[in-house]
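Student: Predicted coordinates and the sequence they were generated for:
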Amino acid sequence: MVEISHLLDELTCAACSTSNALWLYPMRGVVECRECGEKASVLPESLNGCDSLDGLDACGGDR
């Protein structure tokens, strides 16, 4: 199985400060730096029907 990944242009790794080394793996919900190997989990695009984190009050959360 081939895993799809996307280069995140013009972003810098917070761990090693390398630009253009971050890759998004959408199926795993992970961003990985190809330079230092640091990984971070990412939020899905939709949070149970909520389209953004700015509108949390409309989805039952506090603002």
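Tutor: Thanks, I have the structure now.
Student: Got phi/psi on the closest residue to E38 other than its chain neighbours?
Tutor: The shortest distance from E38 to any non-neighbouring residue, by CB to CB, 6 or more residues apart in numbering, is to A15 (4.1 Å). All C-beta atoms are positioned from the backbone trio N, CA, C, and that covers glycine. Per-residue torsions, A15: phi -80, psi -40 (degrees, to the nearest 10).
Student: is it true that A15 touches C33?
Tutor: Yes - with contact defined as CB atoms under 8 Å, A15 counts as touching C33 (6.5 Å).
Student: and N20, how many neighbours?
Tutor: Counted by other CB atoms under 10 Å, the residues lying close to N20 total 14.
Student: Please tell me how far the residue nearest to E38 sits from H6.
Tutor: Applying CB to CB, to the nearest Å, the value for A15 to H6 is 19 Å.
Student: Next: S17.
Tutor: Distance from S17 to H6, by CB to CB: 21 Å.
Student: So W23: helix, strand or coil?
Tutor: Under DSSP: H, G, I helix; E, B strand; the rest coil, W23 falls in the strand class.
Student: check contacts around it.
Tutor: 5-8, 31-34 (CB atoms under 8 Å, 6 or more residues apart in numbering).
Student: quick one: secondary structure of G37?
Tutor: Classified using three-state DSSP, G37 is coil.
Student: Sorry, wrong one. I was asking about V31.
Tutor: strand.
Student: and it, how many residues sit next to it?
Tutor: With other CB under 10 Å as criterion, V31 counts 20.
Student: and it, bridged to which residues?
Tutor: L24, A40 (DSSP bridges).
Student: Spatially nearest residue to R34 (excluding sequence neighbours)?
Tutor: A21 (4.8 Å).
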